[in-house]
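Peer 1: Generate a structure from the sequence data that follows.
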Amino acid sequence: MLAFKSARAVSSDEAVAMTLAYTDLLSDLPLWAIQRGFRKIKLGQAEDVSLDFPPSAPRLRKVVADEMIPLLTDRTNIQRVLTARVGLPDNPDRVVRPTLRQMKEKYGENWGLNLSEPPREAKPEFRSLQGDALKAHYDRYGLGFEPKPQRHDDVTENVTVDVTFQDQKAVAR
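Peer 2: Okay, here's the model as predicted:
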């Protein structure tokens with residue numbers, strides 16, 4: 001703002017106060033808009049700003065905010081486009097899907113399916129390989145067969161546990 005003759009005669013305290021006021025009101029605006037606003041004021045292109053005196057902080061903010069109007073308008077338009085409801089265009093050649101009633105009238109209750117066909121044969125029951133067949137399968141594909149240990153149902157183990165209580169603690173022997 002030193003471009004204004006009247007600003008050259010202010011004291012350093014007044015200059016600091018004016019700078020703080022400008023900074024406070026412009027701190028939330030983008031730098032590019034502030035630079036454009038100052039340039040517009042220096043060139044005398046800003047409306048309602050005196051060519052002889054520096055503008056007040058609120059008037060400076062208005063000039064800077066006015067620089068942002070085209071961008072904000074574009075942003076608003078883009079947001080409207082992005083949030084607009086999408087509708088299908090009118091298409092006279094569009095085929096309308098038939099209703100359920102119309103489909104039943106056309107194809108009948110069974111939808112044209114012949115349900116009198118004999119059922120297909122059931123798949124054979126899966127049988128797992130056991131014993132030598134499993135060993136042959138593992139040998140054929142190199143899987144390293146090791147038979148499980150045989151289980152003997154006739155062997156039972158009898159386990160007896162003698163429990164005594166000493167001083168409220170159980171001790172197993």
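Peer 1: buried sites along stretch 45-58?
Peer 2: Ala46, Val49, Pro54, Pro55, Ala57 (16 or more other Cβ atoms under 10 Å). Heads up, the C-betas are built off the backbone N, CA and C, glycines and all.
Peer 1: okay, who's weakest in the residues you listed by pLDDT?
Peer 2: Across those, the smallest pLDDT goes to Pro54, namely 82.
Peer 1: Three-state assignment for that residue, please.
Peer 2: For Pro54, the assignment made with DSSP: H, G, I helix; E, B strand; the rest coil gives coil.
Peer 1: sorry, back to before: which one of the buried residues of stretch 45-58 sits closest to Gln102?
Peer 2: Ala46 (69.7 Å; Cβ to Cβ).
Peer 1: before we move on, the earlier item: mind putting the buried residues of stretch 45-58 in JSON lines, distance to Leu143 included?
Peer 2: Below are these laid out as JSON lines (distance: Cβ to Cβ, whole Å):
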{"residue": "Ala46", "distance to Leu143": "87"}
{"residue": "Val49", "distance to Leu143": "90"}
{"residue": "Pro54", "distance to Leu143": "91"}
{"residue": "Pro55", "distance to Leu143": "89"}
{"residue": "Ala57", "distance to Leu143": "85"}
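Peer 1: Would you double-check that Leu29 falls in a strand?
Peer 2: No - assignment of Leu29 by three-state DSSP gives coil, placing it outside any strand.
Peer 1: all strands in the protein, in order from the N-terminus.
Peer 2: 163-166, 169-172 (DSSP state E).
Peer 1: mean pLDDT lowest for which of the ones you listed?
Peer 2: When those are compared by mean pLDDT, strand 169-172 comes last with a mean of 52.
Peer 1: Show me what stretch 116-133 is in contact with.
Peer 2: Residues from elsewhere that reach stretch 116-133 (Cβ atoms under 8 Å, 6 or more residues apart in numbering): Leu134, His137.
Peer 1: State the distance from Arg85 to Asn91.
Peer 2: 18 Å (Cβ to Cβ, to the nearest Å).
Peer 1: where does the chain have low pLDDT?
Peer 2: For the chain, the stretches flagged by pLDDT under 70 are 1-9, 112, 114-115, 117, 119, 145-173.
Peer 1: Give me the neighbour count for the closest residue to Pro98 other than its chain neighbours.
Peer 2: Using Cβ to Cβ, 6 or more residues apart in numbering and skipping residues adjacent in sequence, the residue nearest Pro98 is Lys106, 7.2 Å away. As a burial measure, Lys106 scores 10 neighbours (other Cβ atoms under 10 Å).
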